[in-house]
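**Q** no letters, just coordinates:
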């Protein structure tokens, strides 16, 4: 092979590499840039080429993200190992085939776990199983079900679980990794264990900047530490009176009138679920969010909602201001456009809830004026992770009592959906 392994595997993973035949389950937890995914991809390619009767299945909870993450990662490993001519990379399937023997690397989403039972290979058996972003999955019961379907017909199996530990210490992932098994190796890594030239100077600069402005987010994102204490999704929420008078020039104005980077979000509802509007200011330098206005109503016609937001005694938004609304209600969006509103549909997409909430969690502060926005404040401080039957916290977000949260995500999606984030 053209590339030496010491240029592909970080020193912190040497021990794991040398122990591949000694364990079955490899729990690889680490922060951003720890190269855990790079390590797994190299091990799978090497393992299949070395063991002629083995195949691999690579999983993510949401199948839509396979091609842009683990599939690309394995392409990288093949290229860096200098064996591109030995592999047939089928991006449209997606599938990767070792030409010499027909061994395969299959890619599967666990959106519907029952469908995974039909996963089969024609040559040999599935030895290598890789769960990327383990915390996306719904708990150990789901993992066991998948393993039971995959781990058949062979004597030796190698299962990789790669993840950034969830913030909450009570998450099922953080609790499961504490359990002792003779066939299980747990490995923790950070970007500080990686040669600096692998990641580049800018990566370290970004990490240091976050360390200075938000030590808690740095500890979670870059050091892979579980920094949460309870079941609350948002631990960065604080009340702030934004109606307080502040000195501006020669006079005084309410604080919220001094905000400049204004964003507006709307979550549609009708009878059981409310229509919820939120208005906010984002301080991009300090990574602070200020939510200072809301409007909530039930069973209200679109024209009445429009009038309340744009023409009511308490006017919430100007006609020329952008409003980002839930795309599920295209007719309502069309109505608002006909009324003259400057409105767009949220892009959303697979896993957009998770990424939006993670971005909100990464902010230094989410300040909410609970006097002006009582419903929004109540939602944010009460919003908790889902739990399994054993009361373990799982990294899933309940789809209830989250209308203000959804509206906030819609308003700010341009930030967390930027390329590379």
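**A** Cool, the structure landed. This is a predicted model, so every value here is computed, not measured.
**Q** residue ranges in the stretch 251-400 of the chain under the pLDDT threshold?
**A** Low-confidence segments of the stretch 251-400 of the chain, defined by pLDDT under 70: 390-392.
**Q** what are the ranges of the helices in it?
**A** Remark: helices assigned in the stretch 251-400 of the chain by DSSP state H, counting those that start in this stretch are 302-310, 330-339, 352-362, 374-382.
**Q** what are the contacting residues of the longest one?
**A** Helix 352-362 is touched from outside by 136, 167, 214, 217, 221, 233-236, 287, 289, 366, 397, 405, 408-409, 412-413, 415-417, 421, with contacts defined as C-beta atoms under 8 Å, 6 or more residues apart in numbering. Just so you know, the C-beta spots here come from the backbone N, C-alpha and C atoms, and that holds for glycine as well.
**Q** of the residues you listed, select the buried ones using a ChimeraX command.
**A** Only the buried members of the contacts of helix 352-362 enter the following ChimeraX selection, criterion being 16 or more other C-beta atoms under 10 Å:
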select :136,167,214,217,221,233,234,236,287,289,366,397,405,408,409,412,413,416,417
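**Q** tell me which entries of the contacts of helix 352-362 lie within strands.
**A** The members of the contacts of helix 352-362 that map onto strands under DSSP state E are 289, 366.
**Q** of the contacts of helix 352-362, which belong to helices?
**A** Those of those mapping onto helices are 217, 221, 405, 408-409, 412-413, 415-416, per DSSP state H.
**Q** got the residues you listed as TSV, with pLDDT and distance to residue 204 columns?
**A** What follows is the ones in helices among the contacts of helix 352-362, written out as TSV (pLDDT from 0 to 100; distance: C-beta to C-beta, whole Å):
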residue	pLDDT	distance to residue 204
217	83	16
221	90	14
405	98	33
408	98	31
409	97	30
412	96	27
413	93	29
415	89	23
416	82	23
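**Q** closest one to residue 189 out of those, please.
**A** Closest to residue 189 out of these is residue 221 (13.9 Å), distances taken as C-beta to C-beta.
**Q** quick one: residues contacting that closest one.
**A** Contacts here follow C-beta under 8 Å, 6+ apart; on that basis residue 221 touches 31-32, 164, 210, 362.
**Q** ok, residue 101 next?
**A** Per C-beta under 8 Å, 6+ apart, neighbours of residue 101: 52, 123.
**Q** for stretch 97-106, buried residues please.
**A** For stretch 97-106, by 16+ other C-beta under 10 Å, it's 97-98, 101, 103-106.
**Q** stretch 181-188 too?
**A** Residues of stretch 181-188 classed as buried by neighbour count (16+ other C-beta under 10 Å): 184-188.
**Q** can I get those residues in TSV including secondary structure, pLDDT and distance to residue 323?
**A** Shown next, in TSV, are the buried residues of stretch 181-188 (DSSP: H, G, I helix; E, B strand; the rest coil; pLDDT from 0 to 100; distance: C-beta to C-beta, whole Å):
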residue	secondary structure	pLDDT	distance to residue 323
184	strand	96	51
185	strand	96	51
186	strand	96	48
187	strand	96	47
188	strand	96	44
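**Q** tabulate these in TSV, adding columns for distance to residue 260.
**A** Converted to TSV, those look like this (distance: C-beta to C-beta, whole Å):
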residue	distance to residue 260
184	52
185	52
186	48
187	46
188	42
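**Q** quick one: distance of stretch 88-96 to the chain centre.
**A** 25 Å (C-alpha atoms, centre = their mean, to the nearest Å).
**Q** that one: end-to-end distance?
**A** In stretch 88-96, first residue to last residue: 6 Å (C-alpha to C-alpha, to the nearest Å).
**Q** quick check, residue 290 in contact with residue 367.
**A** Yes: counting by C-beta atoms under 8 Å, residue 290 touches residue 367, with 4.8 Å between them.
**Q** now do the shared contacts for these two.
**A** 240, 242.
**Q** if we can go back for a sec, any idea which of the buried residues of stretch 97-106 is the one closest to residue 149?
**A** Nearest to residue 149 among the buried residues of stretch 97-106: residue 106, at 12.5 Å, using C-beta to C-beta.
**Q** how near is the nearest residue to the closest one once chain neighbours are set aside to residue 329?
**A** Excluding the flanking residues, the one nearest residue 106 by C-beta to C-beta, 6 or more residues apart in numbering is residue 57, at 4.9 Å. According to C-beta to C-beta, to the nearest Å, residue 57 and residue 329 sit 38 Å apart.
**Q** so between the two, which is more surrounded?
**A** A count of neighbours by other C-beta atoms under 10 Å puts residue 57 above the other of residue 57 and residue 329, at 22 against 19.
**Q** where's that one, which helix or strand?
**A** Using DSSP states H and E, residue 57 sits in strand 54-60.
**Q** strands paired with that strand, and their directions?
**A** In the sheet, strand 54-60 lines up against strand 103-109 (parallel), strand 125-132 (parallel) (DSSP bridges).
**Q** are we agreed that residue 246 is in a helix?
**A** No: under DSSP: H, G, I helix; E, B strand; the rest coil, residue 246 sits outside any helix and is assigned strand.
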